[in-house]
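In: quick one, what's the 3D model for this:
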Amino acid sequence: MIDQPFIKDQNITVEELVKQAVSKLGENIQIRRFSRFILGEGIEKEEVNFADEVAAQTGRK
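Out: Numbering: from 1, shown residues only. Okay, here's the model as predicted:
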């Protein structure tokens, strides 16, 4: 998993990013877990009928 491209910069791997952070901070870093996200996940959009919404706001239906 650490050999996969880093999401914010596809030119480097996660492993290279960790090595850069270690050299910058001077501390050892360990990856304890990964989270998996699917493209578009969490972007559910509620479908609302605009006419019904306006009618509800004006008290007419």
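In: send the alpha carbons of stretch 45-61 over as CSV?
Out: The C-alpha coordinates for stretch 45-61 follow below in CSV (Å, rounded to 0.1, in the frame of the first residue of the first chain):
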residue,chain,number,x,y,z
LYS,A,45,-27.4,14.8,-3.2
GLU,A,46,-31.0,15.0,-2.1
GLU,A,47,-33.4,15.3,-5.0
VAL,A,48,-36.0,18.0,-4.3
ASN,A,49,-38.8,19.2,-6.5
PHE,A,50,-38.4,22.9,-6.7
ALA,A,51,-42.1,23.6,-7.2
ASP,A,52,-43.0,21.6,-4.1
GLU,A,53,-40.2,23.3,-2.1
VAL,A,54,-41.6,26.8,-3.0
ALA,A,55,-45.1,25.7,-2.3
ALA,A,56,-44.1,24.4,1.2
GLN,A,57,-42.3,27.7,2.0
THR,A,58,-45.3,29.9,0.9
GLY,A,59,-47.8,27.6,2.7
ARG,A,60,-49.5,26.6,-0.5
LYS,A,61,-49.9,23.1,-1.7
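In: doesn't residue 24 fall inside a helix?
Out: Yes - with DSSP: H, G, I helix; E, B strand; the rest coil as the criterion, residue 24 is part of a helix.
In: now it: how far from residue 17?
Out: To residue 17, residue 24 is 11 Å away according to C-beta to C-beta, to the nearest Å. Heads up, the C-betas are built off the backbone N, CA and C, glycines and all.
In: which one's more surrounded, those two?
Out: In terms of neighbours (other C-beta atoms under 10 Å), residue 17 is the more surrounded of residue 24 and residue 17; the figures are 16 against 8.
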